[in-house]
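**Q** structure here, sequence nowhere to be found:
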């Protein structure tokens, strides 16, 4: 009797655990789908706006300026919405920024400012996020290593 009772109880626990696991997996899938939908919407909007602004600029002023504005607008939008990733991209891009500026832009001042396309929207997005969540932007003194 005790063996059969133990088997029933273990089967019941396994059924309960599997239903919880399935619910967790479904919740994760819904969250991933919502994140993907948000990202695609952002990219679509920013590309539309970039084409709307970049194409007339490339015909009226210069193709390089039109192309760079067309690239910077989606960059601003995505970096504002994903600030931590933007700040990491800024840190990775910094050592190569001079090389990229002279290779692509020929020393153009607009390309000198391109690195700010990662930093400024990322910083603004991080400040907005921290204020919304009521978190400190700067690390408190007790946490700093002396």
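**A** Noted; the coordinates are in hand. Every value quoted in this text rests on a predicted model; they were computed, and no experiment measured them. Residues are numbered from 1 along each chain as shown.

**Q** which residue ranges form the helices in this protein?
**A** 2-60, 63-81, 83-93, 97-100, 109-112, 116-132 (DSSP state H).

**Q** domain map for the chain?
**A** Domain ranges of the chain: 1-81, 83-146, per automatic domain parsing.

**Q** spatially central residue for the chain, please.
**A** residue 82 (2.8 Å; CA atoms, centre = their mean).

**Q** what's near enough to touch the closest residue to it other than its chain neighbours?
**A** Spatially, and ignoring its direct neighbours in sequence, residue 82 is nearest to residue 125 (7.4 Å; CB to CB, 6 or more residues apart in numbering). The way it works is simple: take the backbone N, C-alpha and C, and place the C-beta from them, glycine included. Neighbouring residues of residue 125 by CB atoms under 8 Å, 6 or more residues apart in numbering: 79-83, 86.

**Q** I'd like the residues you listed as TSV, with distance to residue 45 appended.
**A** Shown next, in TSV, are the contacts of residue 125 (distance: CB to CB, whole Å):
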residue	distance to residue 45
79	14
80	12
81	11
82	15
83	18
86	17
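
**Q** show me how to select, in PyMOL, the buried members of those.
**A** To isolate the buried ones among those in PyMOL, judged by 16 or more other CB atoms under 10 Å, type:
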select buried, resi 79+80+81+82+83+86
